[in-house]
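# Give me the fold of what follows.
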Amino acid sequence: MSAIARQQRVKGEAFLSEAETKLGKKTWLSSSSEQKYEDGAELYQKAANAFKVGGFFQDAGEAYSKAAGIYQNKLKNGMEASKNLTESGHCFKKVEPKKAIASYRSSIEILCDAGRLTQAARLSKEVAELFENDEDSAEDSAVLAIESYQQAAELYEMEQQKSQGSQCLAKVAELSSAAKDPPDYLRAAEIYETLGKNCLDSNLLKYNAKGHFLHCVLCHLANRDSVGAGQAMSRFGSLDYTLRESREGKLALELIECVDSGDSEGLATACFEYDRISKLDPWKTTMLLAIRNGLEGSGDGLDGDDGEVDLT
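Numbering: from 1, shown residues only. As a prediction, this is how the structure comes out:
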């Protein structure tokens with residue numbers, strides 16, 4: 001332990017002791033009681049700050065939580081409670097993600113009640129990312145991450161922050177199709193279609209529409225629905241006349257044709273040609289494996305020994 005860390009621990013423990021002494025005193029007047037709780041909360045905050053500077057994030061998180069409890073239950077100050085719960089979450093995030101999630105969720109509830117929807121949305125996204133990175137219970141975590149990203153998207157939409165909302169919706173679609181077991185390809189396809197159409201309404205984002213439309217088609221094909229994929233491409237072509245001649249559009253049409261004809265070799269060739277120019281990311285690889293599984297009953301031949309797509 002460094003000298004600075006030892007110094008901060010001593011300071012933090014001193015503030016904790018002072019806070020407990022202050023809060024343990026009996027008072028008879030309401031004004032005195034309120035001052036006592038204000039002083040106690042402030043001392044817990046000072047303790048938390050000292051612990052945080054010293055790198056004692058567990059202790060810092062606990063101290064912020066105690067300050068939040070006083071602000072919420074004794075002083076009826078929701079915004080200060082939310083502020084301390086958020087700080088508690090930031091500290092717990094480094095050492096105990098489940099406690100971070102609990103702190104963030106409590107803060108989100110307060111922020112929503114106060115109409116601070118943008119702040120609530122940011123924390124909902126934080127919660128989603130924690131669930132997404134939780135490897136202990138991957139299946140349940142994927143579902144919980146989806147729920148939190150959906151909540152974040154809805155909160156951003158309420159505040160007219162469409163870009164941030166779209167990013168969260170894209171994560172909902174990604175996890176629904178590639179992480180959830182069983183996958184919800186239809187939900188993902190609907191989201192990607194909506195995202196693509198929304199992009200066409202913006203001159204800055206319209207070039208992103210092709211990527212979303214390709215994702216939508218891949219979800220339909222992974223769902224073993226080439227008819228739905230073809231119908232989607234017809235809709236998209238009428239909305240974006242440049243789609244069919246783009247790399248994304250050409251790949252989508254080739255894949256639909258290969259699935260319709262049961263041509264797994266043609267599917268691999270189409271992917272190889274696309275990959276030469278635009279590298280296939282992990283999500284597309286997962287979808288292409290699902291599509292090929294539907295054609296052959298196995299994924300052999302699409303993934304190599306190193307886990308990358310083998311398109312030769």
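# Dump the strand or helix carrying Glu18 to CSV, restricted to CA.
Element membership for Glu18 (DSSP states H and E) is helix 3-24. Taking Å, rounded to 0.1, in the frame of the first residue of the first chain, the C-alpha atoms of helix 3-24 are listed here in CSV:
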residue,chain,number,x,y,z
ALA,A,3,1.9,6.2,1.4
ILE,A,4,-1.0,8.2,-0.3
ALA,A,5,-3.3,5.2,0.0
ARG,A,6,-2.5,4.8,3.7
GLN,A,7,-3.1,8.5,4.3
GLN,A,8,-6.5,8.4,2.5
ARG,A,9,-7.6,5.3,4.4
VAL,A,10,-6.8,7.0,7.7
LYS,A,11,-8.7,10.1,6.6
GLY,A,12,-11.7,8.0,5.4
GLU,A,13,-11.9,6.0,8.6
ALA,A,14,-11.7,9.2,10.7
PHE,A,15,-14.6,10.7,8.7
LEU,A,16,-16.6,7.5,9.1
SER,A,17,-16.1,7.5,12.8
GLU,A,18,-17.1,11.2,13.0
ALA,A,19,-20.2,10.6,11.0
GLU,A,20,-21.3,7.7,13.2
THR,A,21,-20.7,9.8,16.3
LYS,A,22,-22.6,12.7,14.9
LEU,A,23,-25.6,10.6,13.9
GLY,A,24,-25.6,8.8,17.3
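# quick one, the helix or strand just after that helix and helix 3-24 angle?
Next along the chain after helix 3-24, taking DSSP H and E as the criterion, comes helix 30-54. Helix 30-54 and helix 3-24 are oriented at 160 degrees to each other (axes from the mean of the first three to the mean of the last three C-alpha atoms, to 10 degrees).
# now for helix 30-54, which elements pack on it?
helix 3-24, helix 57-73, helix 78-92 (3 or more C-beta pairs under 8 Å, 6 or more residues apart in numbering; DSSP states H and E). For glycine as for every other residue, the C-beta is placed from the backbone atoms N, C-alpha and C.
# May I see the ones you listed arranged in JSON lines, with mean neighbour count and distance to Arg224 as well?
Below are the helices and strands packed on helix 30-54 laid out as JSON lines (neighbours: other C-beta atoms under 10 Å; distance: least, C-beta to C-beta, whole Å):
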{"stretch": "helix 3-24", "mean neighbour count": "15", "distance to Arg224": "58"}
{"stretch": "helix 57-73", "mean neighbour count": "22", "distance to Arg224": "47"}
{"stretch": "helix 78-92", "mean neighbour count": "23", "distance to Arg224": "42"}
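# Can I get these in a markdown table including mean pLDDT and distance to Gln161?
Formatted as a markdown table, the helices and strands packed on helix 30-54 follow (pLDDT from 0 to 100; distance: least, C-beta to C-beta, whole Å):
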| stretch | mean pLDDT | distance to Gln161 |
| --- | --- | --- |
| helix 3-24 | 94 | 37 |
| helix 57-73 | 98 | 26 |
| helix 78-92 | 98 | 19 |
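# Take those helices and write them to CSV, including distance to Tyr149.
Shown next, in CSV, are those (distance: least, C-beta to C-beta, whole Å):
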stretch, distance to Tyr149
helix 3-24, 35
helix 57-73, 24
helix 78-92, 17
